[in-house]
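>>> Coordinates for the following, if possible.
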Amino acid sequence: MTPDAVPRIRLNDGNSIPQLGLGVYKVDDDEAERTVATALELGYRHLDTAEYYGNEAGVGRALAASGVDRDDVYVTTKVWNDQQGYDSTLHSFDRSLAKLGLDVVDLYLIHWPAPRQDLYVETYRAMERIRQEGRARSIGVSNFQTHHLERLLGETDVVPVINQVEVQPWLQQRELRAFGEARHIVTEAWSPLARGRILEDPVLLRIASAHDISTAQVVLRWHLQQGLVVIPKSVTPSRIAENLDVFGFDLTPDETAAIDALDSGERVGSHPDEVG
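Purely as a prediction, here's the structure:
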């Protein structure tokens, strides 16, 4: 798969992001290095890490050793809950850059709103400064619900380019996605395969059989046809390759409608109001 086979989504600040990337949640530092090296070799050009994952250094080492031009790879990292606050965020960002071995990241996110701390507005203002200084090309948020976004938009100056949230066929978050779309905030899906739990769903198995593909490929194609950015995670080379091979077919309107009908509101991750 060539890197230019992956479409790019234009962001509200004029930058763009590859629509499919590699997530490295719950991957230790050494394994992240091996996994990212494999992904880059296969044609991935979008990497999503975070301070909390403890693998920014491994991601950076793999990128540096890959021979791929830095500007051809889109790199996202995130500030963790216990580092929120204006000064803490600035220091956390410096540490993330050092671990990644980079001078700039493409996207910097607030990992969770952590509403009990009530620091996400202050944190975002620090991120606005980081963006103004040119050390993060774009800034955004992760796991924000509508009420978090409404407050952020009312109290800060830069509209987030992305809201990275759990989106999978059982949890489609249509109202949240519509709120973002109306404000030119792209929705990016984490845990798009529901941590593997959804892959035996009979509807998905039937569609996969019709196309002679895997259920994971069906689900990822559904995300792409919804206009979402999606970051599946795997450490298995064959699955990393399979997850990228989702641009040679289309789901029919009936198949899309059948997947749409699976929405039950079931999360595999935590509710954003309950974290931090």
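>>> In stretch 24-37, which residues are buried?
Within stretch 24-37, the residues scored as buried using 16 or more other C-beta atoms under 10 Å are Val24, Tyr25, Val27, Asp29, Ala32, Glu33, Thr35, Val36, Ala37. (Glycine included, C-beta is placed from N, CA and C.)
>>> In helices, which of those residues appear?
Asp29, Ala32, Glu33, Thr35, Val36, Ala37 (DSSP state H).
>>> Between the residues you listed, which sits nearest Ala216?
Nearest to Ala216 among these, counting by C-beta to C-beta, is Thr35 at 16.4 Å.
>>> my read: that closest one touches Leu22, true?
Yes - applying C-beta atoms under 8 Å as the test, Thr35 and Leu22 come out as touching, 7.3 Å apart.
>>> what touches both of those two?
Shared contacts of Thr35 and Leu22 (C-beta atoms under 8 Å, 6 or more residues apart in numbering): Ile240.
>>> List just the nearest of the ones in helices among the buried residues of stretch 24-37 to Val275.
Nearest member of these to Val275, counting by C-beta to C-beta, is Ala32, at 22.6 Å.
>>> rewinding a little: of the buried residues of stretch 24-37, closest to Gln83?
Checking these one by one against Gln83 (C-beta to C-beta), the nearest turns out to be Tyr25, at 17.4 Å.
>>> Quick check: the closest one vs Asp212, distance?
Computed with C-beta to C-beta, to the nearest Å, the distance linking Tyr25 and Asp212 is 30 Å.
>>> And for Ala57?
Ala57 sits 40 Å away from Asp212 when distances are taken as C-beta to C-beta.
>>> same thing with Leu107?
Distance from Leu107 to Asp212, by C-beta to C-beta: 35 Å.
>>> With Arg34 instead?
30 Å.
>>> now do Asp71
37 Å.
>>> picking up where we left off before, possible to save the ones in helices among the buried residues of stretch 24-37 as a markdown table with distance to Leu176 and pLDDT?
Below are those laid out as a markdown table (distance: C-beta to C-beta, whole Å; pLDDT from 0 to 100):
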| residue | distance to Leu176 | pLDDT |
| --- | --- | --- |
| Asp29 | 32 | 95 |
| Ala32 | 29 | 97 |
| Glu33 | 34 | 98 |
| Thr35 | 29 | 98 |
| Val36 | 29 | 98 |
| Ala37 | 35 | 98 |
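>>> Just put those in a markdown table and tack on distance to Pro113.
Formatted as a markdown table, these follow (distance: C-beta to C-beta, whole Å):
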| residue | distance to Pro113 |
| --- | --- |
| Asp29 | 27 |
| Ala32 | 26 |
| Glu33 | 31 |
| Thr35 | 28 |
| Val36 | 28 |
| Ala37 | 33 |
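>>> ok, of the residues you listed, which one's closest to Val186?
Val36 (22.9 Å).
>>> Excluding covalently adjacent residues, which one is nearest to the closest one?
Closest residue in space to Val36, ignoring its immediate chain neighbours: Ala62 at 3.7 Å, by C-beta to C-beta, 6 or more residues apart in numbering.
>>> which ones are touching the one you found?
So Ala62 contacts Ala32, Glu33, Arg34, Thr35, Val36, Ala37, Leu40 (C-beta under 8 Å, 6+ apart).
>>> Greatest separation within those: which pair is it?
Ala32 and Leu40, at 12.1 Å, using C-beta to C-beta across the contacts of Ala62.
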